[in-house]
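Student: The following comprises the amino acid sequence and a computationally predicted model.
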Amino acid sequence: MSPLVSVIIPAYCCEKTLESSVRSALLGTVRDIEVIVADDASTDGTAAAAQRLSKEDPRVSLIRLPKNGGAAAARNRGVEAAKAEWIAFLDADDIWEPEKLYMELAEAERTQASLVYCAAACIDERGERTGKIFSVPATVTANGLLCGNDIVTSTVLIKRDVYRKHPMERSDLHEDLICWYRILKDGEKAVGLNEPLVRYRVTGGSKSGNKLRSARMMWNSCRYLGVGFFRRAASFVGYCLHGIGRYWI
């Protein structure tokens, strides 16, 4: 019998944080899950940590990619192996609150949405709360995403078949934005829960933590999506203002 939700964890050299992420999924109120750790050719003890967790709990499994392909490739490989109708993404340094999946599944049933996301409470490199919460709107549009992506990947619950139509690509860009944009352009419905059900780790070396790098990638992501120059410029301004409001106000 298939699980209710397949939790996909892309993992690259994250042995220090992987266990807390996996356990946050396993200890959730929704027990009928599988947790797939997609090890992106890590050079540390990430794979060993995942194997140990799989021996403790049969709901955990490990996939090892032969070469490093980036977060998009690791997520896609995990989705290929997933058995459930619903996919939930969890980065290997983020943490879920116990009721996260339960509340999102209920919202999906209530609204008939194919993608559900939620707010996130920021934590630092040590896992301590910073006091910053990324609030989210009740819904988003494809064009709205170009002025600021409110969908943190670790908050997403999505139907497997919908994701497979528009899988992530280009880990050198904002692969999540590109994915959500195409899904929404295809007419799918996304709804948000403005409850911080995820603890989201923000570090200086991450895409979100390096603001200049993130802005440059946003510009290139819009160009990759075929957005025209003037609309791209307007979206870029909106994205920068959104970032100021999100991180500093």
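Tutor: Structure's in. What do you need?
Student: When you work out contacts or count neighbours from here on, use the C-alpha atoms and nothing else.
Tutor: OK.
Student: Just say helix, strand or coil for Ala120.
Tutor: Following DSSP: H, G, I helix; E, B strand; the rest coil, we place Ala120 in the strand state.
Student: what about the closest residue to it other than its chain neighbours, helix or strand, and which?
Tutor: Nearest non-adjacent residue to Ala120, counting by Cα to Cα, 6 or more residues apart in numbering: Pro196, 4.4 Å away. According to DSSP states H and E, Pro196 maps onto strand 190-201.
Student: So for stretch 129-139, first residue to last residue, what's the gap.
Tutor: 26 Å (Cα to Cα, to the nearest Å).
Student: Residue nearest the middle of the protein, spatially speaking?
Tutor: Thr153 (1.7 Å; Cα atoms, centre = their mean).
Student: isn't that one right next to Asp176, touching?
Tutor: Yes. In this structure, Thr153 is within contact of Asp176 by Cα atoms under 8 Å, at 6.7 Å.
Student: Please report how far Asp39 lies from Glu56.
Tutor: Taking Cα to Cα, one finds Asp39 at 18 Å from Glu56.
Student: Equivalent analysis for Ala50, please.
Tutor: Separation of Ala50 from Glu56 (Cα to Cα): 10 Å.
Student: Give me the more crowded residue out of these two.
Tutor: Higher neighbour count among Ala50 and Glu56: Ala50, with 24 against 10, using other Cα atoms under 10 Å.
Student: Name the helix or strand for the more buried one, please.
Tutor: helix 46-56.
Student: For that helix, which residues meet the burial criterion?
Tutor: 46-47, 49-51, 53-54 (16 or more other Cα atoms under 10 Å).
Student: Equivalent analysis for stretch 28-40, please.
Tutor: For stretch 28-40, by 16+ other Cα under 10 Å, it's 28, 30, 33-40.
Student: for stretch 77-94, same thing?
Tutor: 77-79, 82-84, 86-94.
Student: tell me which of those residues is nearest to Tyr12?
Tutor: Ala92 (8.1 Å; Cα to Cα).
Student: list the contacts for the closest one?
Tutor: Applying Cα atoms under 8 Å, 6 or more residues apart in numbering to Ala92 gives the contacts 9-11, 14, 17-18, 21-22.
Student: go with 6 Å
Tutor: Each residue near Ala92 by Cα atoms under 6 Å, 6 or more residues apart in numbering is listed here: 9, 11, 18, 21.
Student: Next, count neighbours for the first one.
Tutor: Looking back up the chat, that one is Ile9. Residues near Ile9, counting by other Cα under 10 Å, number 28.
Student: Same check on the second one?
Tutor: Counted with other Cα under 10 Å, residues neighbouring Ala11 total 28.
Student: Do you know the pLDDT at it?
Tutor: Looking at Ala11, its pLDDT stands at 98.
Student: Thank you kindly, that will do.
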